[in-house]
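I'd like to go over a predicted model; first the sequence, then the structure.
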Amino acid sequence: MSDYKIPNIANTCHIFQLLVRSKKIMNSSEIAKELGLPRTSVYRILKTLESENMVRTVGKGYVMGHRLINLGLQVVSKIPERQLCVPILQELTMQLNESTHFAILSGRNMLLIEVCDSPHALKVASRPGSLADIHCSASGKCFLAYAPEEAAEELMDRLDYTKRTEKTHTSKESLKKELPSIKRKGYAIDDIEYNEHIRCLAAPVFNASGQIVGAIGTTAATSRFPKSKVPEVAKKVCAAANELSKKFGKI
């Protein structure tokens with residue numbers, strides 16, 4: 001496969017990924033340094049992407065362009081699983097009075113392909129198309145717990161383990177210890193591990209072969225989702241996940 005790899009296309013993909021995950025606006029020199037690429041090559045790629053509206057300049061740096069964002073939204077809207085999960089998420093949001101979502105694995109992240117917002121003025125859920133860190137999200141931990149052991153091990157070896165709060169898992173060893181408990185309970189919790197004052201609970205969704213395909217979750221401020229509500233919320237989220245699994249053919 002490496003014989004067919006085109007370096008500049010691979011480098012372009014790496015630039016896209018860096019721009020998405022970076023918390024600051026980066027210029028061409030910073031991008032080149034971060035990726036270990038020649039500055040002139042990065043500059044030429046960025047200028048080509050800019051001419052195609054795939055990236056745009058903000059000051060001296062670069063961010064995602066409108067055409068790329070539009071393409072991403074179109075891709076998310078056409079994911080087959082999205083249509084199946086919408087009515088189930090809507091019903092779950094009505095039951096919980098909180099935002100709900102369905103996420104699938106995408107590389108080293110979980111991709112939110114659908115979000116149903118809560119009626120609260122203060123909304124804490126991410127948007128469809130957002131990528132979530134696996135090691136500190138309920139959906140991500142849920143996926144690891146139910147994925148085949150070899151696949152889970154390989155994925156955990158590739159994670160960055162960015163520390164987002166004081167409760168975030170910062171190593172494979174720490175994260176791995178939690179997985180048996182998740183599988184035993186049937187759901188995973190992001191207990192203020194991703195964002196301060198935010199709690200999330202997710203349950204696995206399976207296909208006809210019994211393989212995990214994603215996770216249904218709910219996200220809320222800890223003031224509205226205290227630990228005392230976990231059993232009640234878990235029961236409803238697991239029921240929704242089971243309903244979606246049946247739509248995917250699970251008996």
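Nice, thanks for sending it over.

from here on, contacts and neighbour counts on C-alpha atoms
Noted.

hmm, His135 is touching Lys141, no?
Yes - using C-alpha atoms under 8 Å as the test, His135 is close enough to Lys141 to be in contact (6.1 Å).

and for the host helix or strand of Val42, what's in contact with it?
Val42 is part of helix 39-51 when elements are defined by DSSP states H and E. Contacting residues not belonging to helix 39-51 are listed as 8, 12, 28-29, 31-33, 55-57, 65 [C-alpha atoms under 8 Å, 6 or more residues apart in numbering].

quick one: which of these has the most company?
Ile31 (24 neighbours; other C-alpha atoms under 10 Å).

hmm, Gly210 is touching Lys250, no?
Yes - taking C-alpha under 8 Å as the definition, Gly210 is a contact partner of Lys250 at 6.5 Å.

leaving out chain neighbours, which residue sits closest to Val86?
Closest residue in space to Val86, ignoring its immediate chain neighbours: Glu114 at 7.1 Å, by C-alpha to C-alpha, 6 or more residues apart in numbering.

for that neighbour, phi and psi?
For Glu114, the backbone dihedrals (degrees, to the nearest 10) come out as phi -160, psi 140.

neighbours of Ala215, how many?
Ala215: 31 surrounding residues under other C-alpha under 10 Å.

so which helix or strand takes in it?
Secondary structure assignment for Ala215, by DSSP H and E: strand 212-221.

and whichever helix or strand Ser139 is part of, what does it pack against?
For Ser139, the host element (DSSP H and E) is helix 138-146. Here helix 138-146 touches strand 99-106, strand 109-116, helix 172-185, strand 188-191, strand 198-206, strand 212-221, going by 3 or more C-alpha pairs under 8 Å, 6 or more residues apart in numbering; DSSP states H and E.

hmm, back to that, spatially, which two of the contacts of helix 39-51 are the most separated?
For the contacts of helix 39-51, the maximum inter-member distance is 21.7 Å, found between Lys33 and Gly65 (C-alpha to C-alpha).

now do the contacts for Ser28.
By C-alpha under 8 Å, 6+ apart, the contact set of Ser28 is 39, 42-43, 46, 61-62.
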